[in-house]
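Chemist: structure, please.
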Amino acid sequence: MQKLKVSIAGAGFAGLAAAVLLARAGYRVRVFERFETPQALGAGILIQPTGLAALQVLGIQTEILAKGVRIDRLFGVNPKGRAVVDLTYADWRQGAFGVGLHRGVLFESLWKAAMDAGVDIVTGHEVTSLDALQRDADLCIIADGAHSILRSQTSIPGSTHDYPWGALWAVVPDPNHRFAATNTLWQWYRRAHQMLGIMPTGRRPGDGVPVVSLFWSLPAHELDHWRMAGLGAWKSQVRALSPNVEDVLNTIDHPDALTWAQYADVQLSRYHAGNTVVIGDAAHATSPQLGQGTNMALLDAVTLAQCVSTHNDVPTALANYTRQRKRHLAYYGAASRMLTPMFQSHQRLLPWLRDAFMAPVTKLPLVKQANLQTLTGVRGGWLEGEDARWLTGTQITPPDLNFPPRSTS
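Modeler: Numbering: from 1, shown residues only. A predicted model of the protein is given here:
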């Protein structure tokens, strides 16, 4: 296994993290990326305690913490000001937190770590044939995203479909650090057909400007109508839902400042076939309701590297990888599919039930505990409690929960 040759399709978070760990273990790793100049695309990301533990294994946690912003609370209200979602990390574990982060910060850190580890990254090269990826490779890793063109070429049974809803997003300056100072991910809901989110996102890579990520829920079939209606009409809708974001709206002066993203749902019966494994969004993409996509990708990479390093042959290592990840990923996929229509749909009954009962029910001790375990990424399944594996069991040590002091500059 020490002479193992590894081929990876995709230089996203899952692909790069796996490449870093496998190269450090002494394997020869090559990554193929279709973009000439790879970069992280999308809005800000929420790194959960499980993701922070994985970043510690990767050795980049300190630099990520320095550029992110601490998130202590998720808080969402309806137009009447009634709390719908109110979760605080410290109620799970004293001193715990999430981190709001610009995608580019994590990408740059993983890219540099890959270079330092001696990973061979071939850019401008899209692998469209699984046979080509497998040629001369002992281990093949498919990490080319939710709309993978290689996944269907494996013998792995599964299904994939696009959600009818998506989101417009923008990463914009945070005037006067107002949102960063709250250490809160804010959301506003009007039934399930309108949802606005504002998440402090730390600092942009390069210039260090403090930013926030704005999300606006939208059905895919209404995107053209949104464009024709114009930016002014959209801002009026946002103000009607939350008048407290005017300073953020003032930083958006053109429709092109908002980018459209549609979600996909991917379900696989297993994640490996022979010497090939599927990880990250290519294996288990969901809607972003639970904010777990990046965290799951990082856990995939750490678990895969451990499995490969502790078995004498690739097929056995990959079978063990599927066993370790299956239940955890299945739970978060199912929970995301269950929650999505409560927050993104034209239904009336579900959001009414959500507004009436979610906040009081989640104060019940057992429900509150389950919600916090789900939020932080450690829930083991529907009938299981906290699974410590995802903080300690795969040689991941719990991160130092003392966050650096917030800058007042």
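
Chemist: contacts and neighbour counts: CA atoms only from here.
Modeler: Noted.

Chemist: since we're on residue 353, how many residues are nearby?
Modeler: Using other Cα atoms under 10 Å, residue 353 has 12 other residues around it.

Chemist: check the one 4 residues further on too.
Modeler: The local packing of residue 357 (other Cα under 10 Å) involves 12 other residues.

Chemist: swap in residue 23?
Modeler: Counted with other Cα under 10 Å, residue 23 comes out at 22.

Chemist: which residues touch the nearest residue to residue 41 once chain neighbours are set aside?
Modeler: Leaving out its chain neighbours, the residue that sits closest to residue 41 by Cα to Cα, 6 or more residues apart in numbering is residue 103, at 7.2 Å. By Cα atoms under 8 Å, 6 or more residues apart in numbering, the residues touching residue 103 are 40-45.

Chemist: in strands, which of the residues you listed appear?
Modeler: Counting by DSSP state E, the part of these found in strands is residue 45.

Chemist: hang on, the earlier thing: and the residue nearest to residue 41, how far is that from residue 149?
Modeler: 23 Å (Cα to Cα, to the nearest Å).

Chemist: next: residue 303.
Modeler: Residue 303 is 24 Å from residue 149, by Cα to Cα.

Chemist: which one of these two has more residues nearby?
Modeler: residue 303 (24 against 16).

Chemist: helix, strand, or coil at that one?
Modeler: helix (DSSP: H, G, I helix; E, B strand; the rest coil).

Chemist: look up the pLDDT of the spatially closest residue to residue 262 that is not a sequence neighbour for me, please.
Modeler: Closest residue in space to residue 262, ignoring its immediate chain neighbours: residue 166 at 4.1 Å, by Cα to Cα, 6+ apart. Among the per-residue scores, residue 166 shows a pLDDT of 95.

Chemist: where's the helix or strand hosting residue 166 relative to the chain centroid, distance-wise?
Modeler: Per DSSP states H and E: residue 166 is located in strand 158-173. The chain centre lies 12 Å from the centre of strand 158-173; the measure is Cα atoms, centre = their mean, to the nearest Å.

Chemist: can you list the strands that the helix or strand following that strand pairs with?
Modeler: Downstream of strand 158-173, the next assigned helix or strand under DSSP H and E is strand 184-190. Here strand 184-190 is paired, per DSSP bridges, with strand 73-77 (parallel), strand 194-203 (antiparallel).

Chemist: give me whichever of those strands is most buried.
Modeler: Burial of the strands paired with strand 184-190 is given as mean neighbour count (mean count of other Cα atoms under 10 Å); strand 194-203 ranks first at a mean of 25.

Chemist: helices along the stretch 151-300 of the chain, start to end?
Modeler: Counting by DSSP state H, counting those that start in this stretch, the stretch 151-300 of the chain has helices at residues 223-229, 231-241, 246-249, 281-284, 293-309.

Chemist: got a markdown table for those helices, with distance to residue 3 and mean pLDDT too?
Modeler: Shown next, in a markdown table, are those (distance: least, Cα to Cα, whole Å; pLDDT from 0 to 100):
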| stretch | distance to residue 3 | mean pLDDT |
| --- | --- | --- |
| helix 223-229 | 50 | 96 |
| helix 231-241 | 56 | 96 |
| helix 246-249 | 53 | 92 |
| helix 281-284 | 27 | 98 |
| helix 293-309 | 12 | 95 |
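
Chemist: got those as a markdown table, with distance to residue 124 columns?
Modeler: Shown next, in a markdown table, are the helices of the stretch 151-300 of the chain (distance: least, Cα to Cα, whole Å):
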| stretch | distance to residue 124 |
| --- | --- |
| helix 223-229 | 30 |
| helix 231-241 | 35 |
| helix 246-249 | 36 |
| helix 281-284 | 20 |
| helix 293-309 | 23 |
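
Chemist: mind checking which of those helices is nearest residue 9?
Modeler: Of all the helices of the stretch 151-300 of the chain, the one in closest proximity to residue 9, counting by Cα to Cα, is helix 281-284 (10.4 Å).

Chemist: what does the closest one contact?
Modeler: Residues outside helix 281-284 that contact it (Cα under 8 Å, 6+ apart): 142-148, 151, 265-268, 271, 293, 297, 329, 333.

Chemist: for stretch 82-94, same thing?
Modeler: 72-78, 95-98, 354-355, 358-359, 369, 372-373, 376.

Chemist: restricted to helices, list those.
Modeler: 359, 369, 372-373, 376 (DSSP state H).

Chemist: ranking by neighbours, what's the top pick from those?
Modeler: Compared across these, residue 376 has the highest neighbour count, 24 neighbours, by other Cα under 10 Å.

Chemist: for residue 177, find the nearest of the helices of the stretch 151-300 of the chain.
Modeler: Proximity to residue 177 (Cα to Cα) singles out helix 246-249 among those, at 10.9 Å.

Chemist: in the closest one, what's buried?
Modeler: The neighbour-count check on helix 246-249 (16 or more other Cα atoms under 10 Å) flags residue 248 as buried.

Chemist: ok, stretch 203-223 next?
Modeler: Neighbour counts over stretch 203-223 (16+ other Cα under 10 Å) mark 203-205, 210-220, 223 as buried.

Chemist: could you work out the end-to-end span of it for me?
Modeler: 29 Å.

Chemist: where is pLDDT lowest across the ones in helices among the contacts of stretch 82-94?
Modeler: residue 359 (89).

Chemist: distance check, it against residue 84.
Modeler: Taking Cα to Cα, one finds residue 359 at 5 Å from residue 84.

Chemist: what does residue 147 give?
Modeler: 33 Å.

Chemist: residue 56 too?
Modeler: Taking Cα to Cα, one finds residue 56 at 33 Å from residue 84.

Chemist: same question for residue 193.
Modeler: Counting by Cα to Cα, the gap from residue 193 to residue 84 is 15 Å.

Chemist: do the same with residue 340
Modeler: Residue 340 is 15 Å from residue 84, by Cα to Cα.

Chemist: so for these two, which sits in the more crowded spot?
Modeler: residue 84 (22 against 18).

Chemist: doesn't the more buried one fall inside a strand?
Modeler: Yes - when three-state DSSP is applied, residue 84 is found to be in a strand.

Chemist: now tabulate the ones in helices among the contacts of stretch 82-94 in CSV and tack on distance to residue 322.
Modeler: Output for those, formatted as CSV (distance: Cα to Cα, whole Å):
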residue, distance to residue 322
359, 35
369, 27
372, 25
373, 22
376, 22
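
Chemist: all set now, cheers.
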